[in-house]
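[1] I'd like to go over a predicted model; first the sequence, then the structure.
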Amino acid sequence: MNFGYACINLTLQQEFGIYTNRGMIQRTFREKGIQYASELALKNCRDLLQIVRWNESHGVGCFRVSSDVFPWASEYRLTELPDFPEIRATLEAIGRTSVRLSTHPGPFNKLAGEGPTLANTLKDLETHSEVFDLMGLEPSHRNKINIHVGGAYGDKGETLRRFARNYEGLLSQHLKSRLVVENDDKPGLFTVAELLPLHEATGIPITFDYFHHRLHPGDWSEREAFEAAVATWPEGITPVCHFSDSRREHEDPSAKREAHSDWVYTPIQTYGYDVDVVLETKRKELSLMKYREQFLMPHSPIEIG
DNA sequence: GCATGTCAAGTTGTG
DNA sequence: CACAACTTGACATGC
């Protein structure tokens, strides 16, 4: 079982200014164009390599790559960037590390959407997949591109059928091989149980998100939902789960119910299965290290299976 | 340097 | 009914 965290390494960011989401507002992009986007992207990629190497040397087996490495990527092709040769070399070096990389494209991605929303989604998802291609990663669910269905459009069944149709008809083979879906945290959206028909129709694996399940369990226990999601992953690929505790419950009673906590407060139950767990806690790698010390490292006499 | 107003995209439901 | 929350606050400006 590997642990990971998302996008930012607070230690490297604070001590060395190493981070991967340099960007710009639209006006600046209009003024400075692709040249400046390329500069920022190269810096982001070089810093991503440093973060991934830090993970490797600290026993962190997986990591979520930010979706902001390439600013305004919807407006150009990666190969058009003036610094593309250096960028590609850096991405290749990242891909040669042992860290299991994944991404979580933003909530604007609506594969069951229509018109420009769907077009934007296709471009964004394909770009994520292309970055993994450039890293030299084999197209598989080992390196997942994880999204939500993210909208019910008043009819969950019809929405899933549209999602499946778009998945089958509009995505590249590499993207299809990487795409996974995650259970939602809102009653109007999709539980693990409600995503199963999509899996059955398409083979898309389901990422189990513990926190979302607690917010919107449907009528399934955590164990039922966890085991059902884990069973959707293909042979030979360790399933991935997402974990956070509740900010409202543990840190700030006035926080919104779906806000993530800074730290991990409760042990992560994996029911005896081998899964990788990506922490979505706000204190990033610090919360991972603390969790290890508190719950895993020195004195855990009982292995709960 | 630091404070502050502003910043692409979609959808939902809380406060 | 605005706006926060989702995946990660950070950019741009002016003092």
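    Yes, it's here. Numbers count the residues shown, from 1 in each chain, chains lettered A, B, ... in the order given.
[2] Look at the closest residue to residue A:237 other than its chain neighbours and tell me its secondary structure.
    Leaving aside its sequence neighbours, residue A:237 sits nearest to residue A:141 (CB to CB, 6 or more residues apart in numbering; 4.9 Å). For glycine as for every other residue, the C-beta is placed from the backbone atoms N, C-alpha and C. Put simply, residue A:141 is coil when judged by DSSP: H, G, I helix; E, B strand; the rest coil.
[3] thought residue A:141 was touching residue A:236?
    No. The pair residue A:141 / residue A:236 is not scored as a contact, 9.6 Å apart, by CB atoms under 8 Å.
[4] Can you pick out the residue with more neighbours from those two?
    Looking at residue A:141 and residue A:236 with other CB atoms under 10 Å, you find the greater number of neighbours at residue A:141, namely 24 against 8.
[5] just to revisit the earlier point, how about the residue nearest to residue A:237, what does it touch?
    Contacts for residue A:141 were tallied using CB atoms under 8 Å, 6 or more residues apart in numbering; they are A:177, A:178, A:180, A:205, A:233, A:234, A:237.
[6] where does the stretch 151-300 of chain A come near DNA strand C, residue by residue?
    Neighbours of DNA strand C within the stretch 151-300 of chain A, by CB under 7 Å from any atom of the strand: A:182, A:185, A:209, A:212, A:242, A:247, A:255-256, A:258-260, A:280, A:282.
[7] quick check, nearest of these to residue A:7?
    Minimum distance to residue A:7 across these is 9.8 Å, recorded for residue A:280 (CB to CB).
[8] hmm, back to that, could you report the distance from the residue nearest to residue A:237 to residue A:168?
    Residue A:141 sits 17 Å away from residue A:168, going by CB to CB, to the nearest Å.
[9] Looks to me like residue A:5 is in a helix.
    No. Residue A:5: not assigned to a helix; according to three-state DSSP it is strand.
[10] Retrieve the pLDDT associated with it.
    At residue A:5, the pLDDT value in this model is 95.
[11] export the residues of the stretch 151-300 of chain A next to DNA strand C to JSON lines and tack on distance to residue A:34, secondary structure and pLDDT?
    Listed next are those as JSON lines, based on distance: CB to CB, whole Å; DSSP: H, G, I helix; E, B strand; the rest coil; pLDDT from 0 to 100:
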{"residue": "A:182", "distance to residue A:34": "32", "secondary structure": "strand", "pLDDT": "96"}
{"residue": "A:185", "distance to residue A:34": "37", "secondary structure": "coil", "pLDDT": "91"}
{"residue": "A:209", "distance to residue A:34": "36", "secondary structure": "strand", "pLDDT": "96"}
{"residue": "A:212", "distance to residue A:34": "37", "secondary structure": "helix", "pLDDT": "94"}
{"residue": "A:242", "distance to residue A:34": "34", "secondary structure": "strand", "pLDDT": "96"}
{"residue": "A:247", "distance to residue A:34": "38", "secondary structure": "helix", "pLDDT": "89"}
{"residue": "A:255", "distance to residue A:34": "39", "secondary structure": "coil", "pLDDT": "83"}
{"residue": "A:256", "distance to residue A:34": "37", "secondary structure": "coil", "pLDDT": "85"}
{"residue": "A:258", "distance to residue A:34": "36", "secondary structure": "coil", "pLDDT": "88"}
{"residue": "A:259", "distance to residue A:34": "36", "secondary structure": "coil", "pLDDT": "88"}
{"residue": "A:260", "distance to residue A:34": "34", "secondary structure": "strand", "pLDDT": "89"}
{"residue": "A:280", "distance to residue A:34": "32", "secondary structure": "coil", "pLDDT": "94"}
{"residue": "A:282", "distance to residue A:34": "33", "secondary structure": "coil", "pLDDT": "91"}
